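> no letters, just coordinates:
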Ligand code: PEP
Ligand code: MN
């Protein structure tokens, strides 16, 4: 924070302001000019409360925050990109990680067949919801514990890691037993009780952007998880609500490079929820590769027309295989660009 005092403020008021800043846990250093004093405050504390208090004090002209309100997840705090280790791989490293599977786990046959097929096509992580956040209480809510057990079977059969959604704080320990990556859905991005509980759990988290959330709010939610003890977070752009109705959501593709600038956390794209239409998924997936995302989260179902949720945006197994094939040349370019970027970063002193 920078606090600019009014011209000719009495020393007593300046001292008082410095004292109050220290009470909030910050270190103070002042620049004394001919006419005015500017106070710098650095450290970790409750910035909002401190600013509010300081702004109300006599002699203060302006108090402004200079660093981002999210600290631990910011690039400023850590230049080197974070790699999230999963069983048999990592997200945010040298591999573009494709996570694929049905919106919901529906049966043993459905999940095993999908897992085997997406693994053969090159996916590294199996997705599938056991606890489903549905707009209507009358829609399929997920198989819950049975669904988690089926995911464990699919993992054992294929070696794929598993990403699955955790809907509530009370389910964190249960889901953590089965998931390699705990998904926080768009509707829960600002469920602070859930974020705190995930902070205390050490399992990596896949944090989806809320449909009406800004990038700053997404990063503040990631900051919650980190501040409560868990720095292992993958961010996911999944489309936001706009006036556009041609797609289910509007894919904010620019969020990916924006996030790469602002944070060291890996960023993936969910082209399925971002568009709501299977025909658009391959194009958006290519865009994610080209723009430098760290991976994809794609909905795939053996028979989309029979899916209990999100069938219209799910690829069938053959379509997913074909998409993975068309992505190959793009992925080769991605690898080259990634290696080259790392080189540039080393030269710029951003990496050791
Ligand atoms: C999902 O991944 O199936 C899901 C419900 O996603 P979102 O939270 O992004 O809507
Ligand atoms: Mn879905």
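Received it, and whenever you're ready, just let me know what you need. What you are looking at is a predicted structure, and each value in this text was computed from that prediction instead of being measured. Ligands and ions are numbered 1, 2, ... in the order given.
> who touches the residue in the stretch 251-352 of the chain positioned nearest to ligand 1 in this structure?
Nearest to ligand 1 in the stretch 251-352 of the chain, going by CB to the nearest ligand atom, is residue 273, at a distance of 4.4 Å. Every residue, glycine included, has its C-beta placed from N, CA and C. By CB atoms under 8 Å, 6 or more residues apart in numbering, the contact list for residue 273 reads 186, 238, 239, 248, 249, 299, 310, 313.
> how about residue 341?
Residue 341 neighbours (CB under 8 Å, 6+ apart): residue 292.
> assign it to helix, strand or coil.
Reduced to three states with DSSP: H, G, I helix; E, B strand; the rest coil, the structure at residue 341 is helix.
> that one and residue 94: what is the separation?
Residue 341 sits 11 Å away from residue 94, going by CB to CB, to the nearest Å.
> again with residue 81
Taking CB to CB as the criterion, residue 81 is separated from residue 94 by 11 Å.
> return the set of buried residues in stretch 6-20.
Of the residues in stretch 6-20, those buried by neighbour count under the rule 16 or more other CB atoms under 10 Å are 9, 13, 14, 17, 18, 20.
> what does stretch 309-320 give?
The neighbour-count check on stretch 309-320 (16+ other CB under 10 Å) flags 309, 310, 311, 313, 314, 315, 316, 317, 319, 320 as buried.
> ok, and of these, which contact ligand 2?
For ligand 2, the contacts drawn from the buried residues of stretch 309-320 by CB under 5 Å from the ion are residue 310.
> and of the buried residues of stretch 309-320, the nearest to ligand 2?
Ligand 2 has its nearest neighbour among the buried residues of stretch 309-320 in residue 310, at 3.8 Å by CB to the ion.
> what is the neighbour count of whichever residue of the stretch 151-300 of the chain sits closest to ligand 1?
The nearest approach of the stretch 151-300 of the chain to ligand 1 comes at residue 185, 3.0 Å away (CB to the nearest ligand atom). Residues lying near residue 185 (other CB atoms under 10 Å) number 23.
> distance of it from residue 50?
In terms of CB to CB, residue 185 sits 33 Å off from residue 50.
> spell out which residues of the stretch 51-200 of the chain are next to ligand 1.
103, 129, 133, 185, 186, 187 (CB under 6 Å from any ligand atom).
> put the buried members of these into a PyMOL selection.
Typed into PyMOL, the line below selects the buried ones among these, using 16+ other CB under 10 Å:
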select buried, resi 103+129+185+186
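> report the next helix or strand after the host helix or strand of residue 182 in sequence order.
Secondary structure assigned from DSSP states H and E places residue 182 in strand 181-184. For strand 181-184, the following helix or strand on the C-terminal side (DSSP H and E) is helix 192-200.
> residue 161 contacts residue 180, correct?
Yes - counting by CB atoms under 8 Å, residue 161 does reach residue 180; the two are 3.9 Å apart.
> shared neighbours of these two, anything?
Counting by CB under 8 Å, 6+ apart, the shared contacts of residue 161 and residue 180 are 86, 87, 125, 155.
> want to throw these into TSV with distance to residue 138?
Output for the shared contacts of residue 161 and residue 180, formatted as TSV (distance: CB to CB, whole Å):
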residue	distance to residue 138
86	35
87	37
125	31
155	31
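> now restrict those to buried residues only.
With burial judged by 16+ other CB under 10 Å, the buried subset of those is 86, 125, 155.
> thought the second one was touching residue 163?
Yes - counting by CB under 8 Å, a contact exists between residue 125 and residue 163, whose distance comes to 5.4 Å.
> quick check: neighbours shared by those two?
Joint contacts of residue 125 and residue 163 (CB under 8 Å, 6+ apart) are 99, 180, 181.
> so for the last one, what's the pLDDT?
Pointing back at residue 181 there. Per-residue pLDDT puts residue 181 at 98.
> what sits against the residue lying closest to it once chain neighbours are set aside?
Closest residue to residue 181 apart from its sequence neighbours, by CB to CB, 6 or more residues apart in numbering: residue 163 at 4.0 Å. Counting by CB under 8 Å, 6+ apart, residue 163 touches 99, 125, 126, 127, 179, 180, 181, 182, 183, 206, 297.
> any quick PyMOL command for the buried ones out of the residues you listed?
Applying 16+ other CB under 10 Å to the contacts of residue 163, the buried members can be selected in PyMOL as follows:
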select buried, resi 99+125+126+127+179+180+181+182+183+206+297
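> just the buried residues of stretch 309-320: which are in helices?
Members of the buried residues of stretch 309-320 lying in helices (criterion: DSSP state H): 317, 319, 320.
> can you count the residues close to the closest residue to the second one other than its chain neighbours?
To tie it back to what came earlier, the one meant is residue 319. Nearest non-adjacent residue to residue 319, counting by CB to CB, 6+ apart: residue 278, 6.9 Å away. Residue 278 has 24 neighbouring residues, counting by other CB under 10 Å.
> which residues in the stretch 51-200 of the chain form helices?
For the stretch 51-200 of the chain, the helices defined by DSSP state H, counting those that start in this stretch cover 108-121, 145-158, 172-178, 192-200.
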